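Asker: Sequence and predicted structure, then a few things I'm wondering about:
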Amino acid sequence: MTPPGALALATRGLRKSYGKRLALDGLDLSVPSGVVYGFLGPNGAGKTTTMRLLTGLLHPDAGSIELLGAAFRRGDRKRLFEVGALVENPSFYPYLSGRRNLEVLAAAGAAVPPRRVAELLDLVGLSERARDKVSGYSLGMKQRLGIAGALLSDPKLLLLDEPANGLDPAGIVAMREMLRRLAATGKTIFVSSHLLAEVRVLADVVGIIAAGKLVREGTLESLLSDQGVVRVRVPRAEAATARTVLERIATTNAGSDTDADAWLSVHVEPNRAGAVNRALADAGIYATALESGTDLELLFLQLTGGGAASSEGTFGTAGVTTGGTGSGSSGAASGGASETLE
Ligand code: ATP
């Protein structure tokens, strides 16, 4: 457990509804100081709502927020000088240069040292394009300029809502490198994303939100080193025999069933999927789908609805394999979506 004093951001029991729609259902976040915290969740999970609450754009129905060790309450928006945020798309004067836009922004806020604008342009990788009009910037460059703007007051904590959204692969890499450079300066960065692969390469600590609640939180290392899982789908009539066979390899849990099939989860390293398949085949049972990964990967696959996530590339580097002897990869992925991991 992180001692409370070391937290850059904490929420307790945060609740927010839009009319009858419950968006946050008692959210408890603990963000240690000096880390990149990946706030991960599928679309509609409540990430943007959380960001709006953390930046005072909305007020919670219940619960509390602590920023940099002090309570953040209604009317405390001036404290946002201590906290940089990019929650909605940044807006700039398109006919002014990137540098001039930052200078205008700086003049409107608390006084900053004259060299700060140049330093920030360097930090976000825009020095060479600083004199160009913003109207000629790519989306990624505008996002990075927005982050430079959020950093003008040299905040200790930076809140970023899906900064890589809509960027092309080169823009995503540039964003990632910039955030790592920032993290190296000792700032706490709280960044939301719906892409597990993105969070894996960026974050030190991960919190997963689903339906307005935190479902996992911990260091990326600990979440990924949790025991691996190989999941296998077999004909329902053979599920009991399959489970007996697989129990000889490792602890095996039964998952959700359909009329025809049953999913079994074998708690072994992901790279032992072949051994699982072979054990079943040796017993005369043919898997209709098979997938493997860490508990974190499979949990996220389930939360994001499996097939849709895979097609977005969420699991491109995450090590989840789909396929099997029967219905092919889409069957495996959609089966994963309905599964409850134990
Ligand atoms: P995404 O990644 O798609 O932006 P998210 O995780 O940021 O999703 P939120 O935008 O916080 O999720 O939405 C959480 C829930 O609240 C969703 O069910 C959403 O439809 C609902 N919601 C968000 N904003 C509003 C609003 N202004 N009015 C009504 N419902 C809203």
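Answerer: Arrived safely, thanks for sending.
Asker: Correct me if wrong, but residue 50 is in a helix.
Answerer: Yes - Residue 50: assigned to a helix according to DSSP: H, G, I helix; E, B strand; the rest coil.
Asker: Could you measure from it over to residue 99?
Answerer: For residue 50, the distance to residue 99 equals 33 Å [CB to CB, to the nearest Å]. Yep, even glycine has a C-beta here, placed from its N, CA and C like the rest.
Asker: Looking at those two, which one has more neighbours?
Answerer: residue 50 (31 against 21; other CB atoms under 10 Å).
Asker: what's the pLDDT at the more buried one?
Answerer: Residue 50 is assigned 96 on the pLDDT scale.
Asker: Ok, residue 126 next?
Answerer: Looking at residue 126, the pLDDT reads 91.
Asker: What is the burial count for it?
Answerer: 23.
Asker: in a strand, that's where residue 214 is, yeah?
Answerer: Yes - under three-state DSSP, residue 214 sits within a strand.
Asker: Could you measure from it over to the ligand?
Answerer: As defined by CB to the nearest ligand atom, to the nearest Å, residue 214 lies at a distance of 13 Å from the ligand.
Asker: Name the residues linked to that residue by a beta bridge.
Answerer: Residue 214 has the following beta-bridge partners by DSSP bridges: residue 209.
Asker: State the pLDDT value of it.
Answerer: pLDDT, residue 214: 93.
Asker: can I assume it is in contact with residue 30?
Answerer: No - applying CB atoms under 8 Å, one finds residue 214 not in contact with residue 30, separated by 9.1 Å.
Asker: Enumerate every residue touching residue 162.
Answerer: For residue 162, the contact set (CB atoms under 8 Å, 6 or more residues apart in numbering) comprises 47-48, 192-194.
Asker: Could you do residue 40 as well?
Answerer: For residue 40, the contact set (CB under 8 Å, 6+ apart) comprises 192-196, 199, 206-209, 300.
Asker: Next: residue 241.
Answerer: 283, 285.
Asker: Please confirm that it is located within a strand.
Answerer: No - applying three-state DSSP, one finds residue 241 to be helix, outside a strand.
Asker: what separates it from residue 234, distance-wise?
Answerer: Counting by CB to CB, the gap from residue 241 to residue 234 is 9 Å.
Asker: where along the stretch 201-342 of the chain do the helices fall?
Answerer: Assigned by DSSP state H, counting those that start in this stretch, the helices in the stretch 201-342 of the chain fall at 220-225, 239-247, 273-282, 295-304, 307-311, 329-337.
Asker: what do you get for the stretch 51-200 of the chain?
Answerer: Counting by DSSP H, counting those that start in this stretch, the stretch 51-200 of the chain has helices at residues 98-108, 116-123, 139-150, 169-184, 196-202.
Asker: of those helices, which approaches the ligand most closely?
Answerer: The ligand lies closest to helix 196-202 among the helices of the stretch 51-200 of the chain, at 12.7 Å (CB to the nearest ligand atom).
Asker: tell me which residues in the closest one are buried?
Answerer: Across helix 196-202, burial judged by 16 or more other CB atoms under 10 Å covers 196-200, 202.
Asker: what mean pLDDT would you report for it?
Answerer: 87.
Asker: which helices and strands sit right next to it?
Answerer: strand 36-40, helix 169-184, strand 188-193, helix 220-225, helix 295-304 (3 or more CB pairs under 8 Å, 6 or more residues apart in numbering; DSSP states H and E).
Asker: Output these in JSON lines, with mean pLDDT appended to each entry.
Answerer: Shown next, in JSON lines, are the helices and strands packed on helix 196-202 (pLDDT from 0 to 100):
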{"stretch": "strand 36-40", "mean pLDDT": "95"}
{"stretch": "helix 169-184", "mean pLDDT": "86"}
{"stretch": "strand 188-193", "mean pLDDT": "94"}
{"stretch": "helix 220-225", "mean pLDDT": "78"}
{"stretch": "helix 295-304", "mean pLDDT": "72"}
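Asker: I'd like those laid out as CSV, including distance to residue 90.
Answerer: Formatted as CSV, those follow (distance: least, CB to CB, whole Å):
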stretch, distance to residue 90
strand 36-40, 19
helix 169-184, 13
strand 188-193, 15
helix 220-225, 28
helix 295-304, 27
